[in-house]
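*Asks:* sequence? don't have it. structure:
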């Protein structure tokens, strides 16, 4: 690949990233049945923050260790939400298929 082609590829990549056309690795919203459930940067509904919904064993769900001040909670179906423990603001949504609920968690 010549220098001109490399420069054009870098410019295209820069345009995609700066315009927002480059999708990040995590979704910013989640909808179910056409209803928007939650959006990153916004508080999640209070029922998701209940003690019995907080994930203690994040390794069981193949999730990263939560950042300081954050916790993983169960979302709808196969969604896992990283939220601020203090404000309930959603930072990240992740999906994991076919992972049974950890039996050590209370229901």
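*Replies:* On my side now, so go ahead. Just so it is clear, the model here is predicted, and its values are computed rather than measured.

*Asks:* where in the protein is pLDDT low?
*Replies:* 1, 7-27, 29-34, 36, 106-107 (pLDDT under 70).

*Asks:* the strands in it, which residues?
*Replies:* Here the chain has its strands, by DSSP state E, at 29-32, 35-39, 54-55, 70-74, 79-84, 90-95.

*Asks:* what lines up beside the second one in the sheet?
*Replies:* Pointing back at strand 35-39 there. strand 29-32 (antiparallel) (DSSP bridges).

*Asks:* the residue nearest the centre of the chain bridge partners, please.
*Replies:* The C-alpha lying nearest the average C-alpha coordinate of the chain belongs to residue 93 (C-alpha atoms, centre = their mean; 1.7 Å). Counting by DSSP bridges, residue 93 is bridged to residue 81.

*Asks:* returning to what we had before: any idea which of the strands of the chain gets closest to residue 104?
*Replies:* Checking the strands of the chain against residue 104 by C-beta to C-beta gives strand 54-55 as the closest, at 10.6 Å. To be clear about C-beta, it is placed using only N, CA and C from the backbone, and glycine gets the same treatment.
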